[in-house]
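In: I'll drop the sequence and a predicted model, then ask my questions.
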Amino acid sequence: MNIIVTGASRSIGRELVKKFSQAGHTVIAIARSEKELFNLRESCNSNGNKGKVIPFPFDLSKLAENMEIFKAEIHKHFKHLNIIINNAGYLANSSFENSGIEIIHKSFSVNYVAALLIIQATLPLLKISKKAHVVNIGSMGGVQGSLKFSGLSVYSSSKAALAVLTECLAEEYKETSIAFNHLALGAVQTEMLAEAFPGYQAPVSADEMADYICDFALNGDKLFNGKIIPVSLSTP
Ligand SMILES: NC(=O)c1ccc[n+]([C@@H]2O[C@H](COP(=O)([O-])OP(=O)(O)OC[C@H]3O[C@@H](n4cnc5c(N)ncnc54)[C@H](OP(=O)(O)O)[C@@H]3O)[C@@H](O)[C@H]2O)c1
């Protein structure tokens, strides 16, 4: 299958690329850190993985202004697309009154606008696939009625926007072969979590979470569409 994973340079995204390539799929791996992406490809190749990893160093916060470059790279490798995992994320643990326009812009451009634009830009490739599944990675903080944390108002509301977008797209494209789902993650031990909540030990590793997301991306579209699914032993 042809797959796009964003946020592939570390943590959950990196583990996802390893798993998909181990299973023989072709993955375009997107993040800003070029070196990490090429290391990831090297590690997948030296592990003997059957699939292909295509590193695509790209800043998703600047996707709107670089859309033609983005589309050209995707079309260079894929004639159809089966799975998108919109996993890249930006979290600033910052009080509401100290969250300036830079934090607001970066949070929404990476966590929401980039995911929306990637889906929009790749729709023709998704539509011609017999099976297509878009999996948006959200957060428990972005789920209505969940426990909220001070310092995460901008981050959590950007994830909430992504959750509602997922529901809307499932409705708008229900007559097509594309399924759209949103996984609202609880705490996972990654660099993001360590930076946001120093000292907190999450009950789930990036590898364990990637196992679940990988399986869900490959099989969840048979049973779910337009769902916001909490994947959490605990919050945050
Ligand atoms: N860890 C948790 O406890 C937790 C809980 C709930 C939800 N989540 C969500 O799960 C997803 C993965 O989280 P994580 O903990 O694995 O995060 P992470 O360790 O911070 O990794 C984030 C990834 O996103 C990429 N990224 C960030 N900004 C980018 C940009 N402007 N352009 C391209 N790529 C960018 C980073 O790569 P570069 O820096 O190389 O660009 C990195 O590969 C995120 O959406 C996060 O919000 C995580």
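Out: Great, that's in hand. Numbers count the residues shown, from 1 in each chain.

In: contacts only, for residue 2.
Out: By C-beta atoms under 8 Å, 6 or more residues apart in numbering, the residues touching residue 2 are 25-26, 77-78, 80-83, 125, 129. All C-beta atoms are positioned from the backbone trio N, CA, C, and that covers glycine.

In: out of those residues, who's nearest the ligand?
Out: The nearest member of the contacts of residue 2 to the ligand, counting by C-beta to the nearest ligand atom, is residue 83 at 15.8 Å.

In: nearest residue to that closest one other than its sequence neighbours?
Out: Ranked by C-beta to C-beta, 6 or more residues apart in numbering and with sequence neighbours excluded, the top spatial neighbour of residue 83 is residue 3, at 4.4 Å.

In: I figured the one you found hits residue 29, correct?
Out: No: if you go by C-beta atoms under 8 Å, residue 3 and residue 29 don't touch, sitting 9.2 Å apart.

In: pretty sure residue 146 contacts residue 140?
Out: Yes: between residue 146 and residue 140 a contact is recorded at 5.0 Å, counting by C-beta under 8 Å.

In: the more surrounded of those two?
Out: Shown here are residue 146 and residue 140; by other C-beta atoms under 10 Å, residue 140 has more neighbours (21 against 18).

In: can you report phi and psi for the more buried one?
Out: With angles defined as degrees, to the nearest 10, residue 140 sits at phi -60, psi -30.

In: that one against residue 183, yeah?
Out: No: the pair residue 140 / residue 183 is not scored as a contact, 10.2 Å apart, by C-beta under 8 Å.

In: give me the number of residues near residue 234?
Out: Neighbour count for residue 234, taken as other C-beta under 10 Å: 12.

In: quick check: it is in a helix.
Out: No: applying DSSP: H, G, I helix; E, B strand; the rest coil, one finds residue 234 to be coil, outside a helix.

In: tell me how far it lies from the ligand.
Out: 10 Å (C-beta to the nearest ligand atom, to the nearest Å).
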